[in-house]
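A.B. asks: output the structure for:
(chains A and B)
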Amino acid sequence: MSTIIAVSRPTEWNLPLFLHVLGAMILVGGLLTGACAIAYARGDVRSLRVGYWTLLTVALPGYIVMRIGAQWIYSKEGWDDLPDNMEPTWLAIGWFTADVGLLLLLAALIVGGVGTYRLRRGKGTGLLKATMIISLALLAAYVVTVWAMAGKPD
Amino acid sequence: MSLDDWILALHELSAFALVASMVLFWILVLTSRSFMDVDRRIMIGRIGDVGDRVIGVGFFGTIGFGLWLSFSKDDYALWDGWIVAAIILWVIAGATGGRAGAEYQKVLERAQELKSSGQAAQPGEFRSSTGELMLAISTLATLLLLIDMIWKPGA
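C.D. replies: Got it, this is the predicted structure:
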């Protein structure tokens, strides 16, 4: 990903970059809201469901837009023409958190889905708490990723 | 990483905080529109408090670090068209966002009054058309701000 503030970026990179950044922002917003809704629900079933559905209908689509934008800009910038070992650290961090992040997001959604099903049957909220913890971990990982993508450490 | 790289990273993290909190507020507004349960509305207010803190970091971080970059980087000047546009959009987003926050604070106070008096809410009592309009304008301004930052018209 190019930095948002970079002077010499070709114009045709702007749309994929915009999609990538906007998707990532929606993803982070969805994770933040989902985690907060579960954390503050205090056992309220409807609020726990709001938390879960936010992850499913906001964070996941945000991830998809972010990932499509990432692949598009990666290709536009010509990174796919270079061998993997030539990739800079910031790009490696981005790939790692995107790929591992997807697995964790899907795990959070599956665990949360089972959790909301159990709620309907009057069972405990433990699985949704696990979903919340995974969401918070993802949020922390994405803060580091944004820092790496923007600051581009060597 | 140079100091400017750090400032740029903090600028972008602030932008993420800004948009992420707007996503949070929209989810809260849309889910609480039809609420009649006073306790749930108060709970939404607690989540909104988190959003208030995050959006504060976002608003002041974007302008503070953004201005720093405009002074420290030779490629930019404060009077560049796209930077002037960004500042104007930031002011619009902040003013309308602040107004939306004030509207929803009134709704929250109404919920707390109802709770303390043991009364039930009427349909639509926790909805604020002005709040929704102001949040929509603030969101649009923020989206245009992001577009301006990426496309940099005139740069």
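
A.B. asks: looking at chain B, which residue is nearest chain A?
C.D. replies: B:Val23 (2.5 Å; Cβ to the nearest Cβ). (Glycine included, C-beta is placed from N, CA and C.)

A.B. asks: wait, isn't that residue in contact with A:Gly30?
C.D. replies: Yes: the criterion here is Cβ atoms under 8 Å, and B:Val23 meets it with A:Gly30 at 6.4 Å.

A.B. asks: now the common contact residues for the two.
C.D. replies: Residues touching both B:Val23 and A:Gly30 by Cβ atoms under 8 Å, 6 or more residues apart in numbering or on different chains: A:Val58.

A.B. asks: looking at the two, which has the bigger crowd around it?
C.D. replies: More crowded of B:Val23 and A:Gly30, by other Cβ atoms under 10 Å in any protein chain shown: A:Gly30, with 27 against 24.

A.B. asks: do you know how far that one is from chain B?
C.D. replies: From A:Gly30 across to chain B, the span is 6 Å (Cβ to the nearest Cβ, to the nearest Å).

A.B. asks: now the helix or strand hosting the residue of chain B closest to chain A: buried residues?
C.D. replies: For B:Val23, the host element (DSSP states H and E) is helix B:3-32. Buried residues in helix B:3-32, defined by neighbour count with 16 or more other Cβ atoms under 10 Å in any protein chain shown: B:7-29, B:31-32.

A.B. asks: distance between that helix and the chain's centre?
C.D. replies: Remark: helix B:3-32 is offset 8 Å from the chain centroid, using Cα atoms, centre = their mean, to the nearest Å.

A.B. asks: now check stretch A:132-140, is it near chain B?
C.D. replies: No: against chain B, stretch A:132-140 shows no contacts by Cβ under 8 Å from any Cβ of the partner chain, the least distance being 9.0 Å.

A.B. asks: show me how far that stretch is from its chain's centre.
C.D. replies: Put simply, stretch A:132-140 sits 10 Å off its chain's centre (Cα atoms, centre = their mean).

A.B. asks: got the contact list for it?
C.D. replies: Stretch A:132-140 is contacted by residues A:28, A:31-32, A:34-35, A:38-39, A:51, A:55, A:59, A:101, A:104-105, A:107-108, A:111 when judged by Cβ under 8 Å, 6+ apart.

A.B. asks: from the residues you listed, pick the one nearest chain B.
C.D. replies: Among these, and counting by Cβ to the nearest Cβ, the member closest to chain B is A:Val28, at 4.3 Å.

A.B. asks: may I see the buried residues of stretch A:109-129?
C.D. replies: By neighbour count on 16+ other Cβ under 10 Å, the buried set for stretch A:109-129 is A:Leu109, A:Val111, A:Gly112, A:Gly113, A:Gly115, A:Thr116, A:Leu119, A:Thr125, A:Leu127, A:Leu128, A:Lys129.
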